[in-house]
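Participant: Just need the structure, nothing else, for what follows:
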Amino acid sequence: MSKQDKRQRIIDAAYQVIAEKGYEKSTIKDIAHVAGVAPGLVHYYFTSKEEILSVLLMEASRQYTRYMENMRATVASEQLPEAALSEPKNRVEKQPDWYKLRYEFFALGLRNSSIAPAVNELLENGRQGISHILQNTLKNPHQDIESTAALLLACFDGLALQKLLDPNFNLESAYHVLEQMLRSLEKNR
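Facilitator: A predicted model of the protein is given here:
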């Protein structure tokens, strides 16, 4: 097994362990056990549990950005807003652990100044990905795309949190209203 394979195996195990137990209750030993490696090997690749969480979330964020870029390149512009909005909604339902890890990371960034830059990088990556989609859908040069992207990211994260905490929360309805709001922006351009 290559070094890259071992490292990825540790990242995958960390994803599973931290999503299941939460950051505070997860240990390097737990991660090593799930990865099928010695705890010392985890420390060889990562200096801390914080670094593991940072790396796995940034990797997931970059994959998401690539997915959205592909969507932007392959979906017709008139269908792009609906397709782009369905992605975070579907992720809440199909990959709730991704959001759980994200919230763990946010909380750590608020408490630990050494992690805050990585949280900021994660958020910036999300805003940039959304901005790229908006540039193809909101053709108004007067539209503040960066602020709109920030608001959408906040909506996506906030709606996901509500759904995770309340399984009866009507995510579909909330996204329908969000879509209507976006369409009104387009009409007002």
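Participant: What's the separation between Phe169 and His176?
Facilitator: In this view, Phe169 and His176 are 13 Å apart by Cβ to Cβ, to the nearest Å. In this view, the C-beta of every residue, glycine as well, is placed from N, C-alpha and C.
Participant: show me the contacts for Gln162.
Facilitator: Taking Cβ atoms under 8 Å, 6 or more residues apart in numbering, we find Gln162 in contact with 169, 171, 174.
Participant: Out of these, which sit inside strands?
Facilitator: For those, not one is inside strands, with DSSP state E as the criterion.
Participant: Helices along the chain, start to end?
Facilitator: Assigned by DSSP state H, the helices in the chain fall at 3-21, 28-35, 39-45, 49-74, 80-94, 96-111, 116-137, 145-165, 171-187.
Participant: which one is Ala83 nearest to, not counting chain neighbours?
Facilitator: Once flanking residues are discounted, Ala83 sits nearest to Val75: 4.9 Å by Cβ to Cβ, 6 or more residues apart in numbering.
Participant: any low-confidence regions in the chain?
Facilitator: Along the chain, the parts satisfying pLDDT under 70 run over 138-143, 186-189.
Participant: Which residue, other than its chain neighbours, is closest to the residue nearest the centre of it?
Facilitator: The centroid of the chain falls nearest to Ser61 when counting by Cα atoms, centre = their mean (5.2 Å). Nearest residue to Ser61, sequence neighbours excluded (Cβ to Cβ, 6+ apart): Asn125, at 4.8 Å.
Participant: neighbours around that neighbour, how many?
Facilitator: Close neighbours of Asn125, defined as other Cβ atoms under 10 Å, add up to 17.
Participant: do the same with Phe156
Facilitator: Count around Phe156 with other Cβ under 10 Å applied: 21.
Participant: hang on, the earlier thing: my guess is the residue nearest to the centre of the chain meets Gly126, correct?
Facilitator: Yes. Counting by Cβ atoms under 8 Å, Ser61 touches Gly126, with 6.4 Å between them.
Participant: Right, I'll call it a day here.
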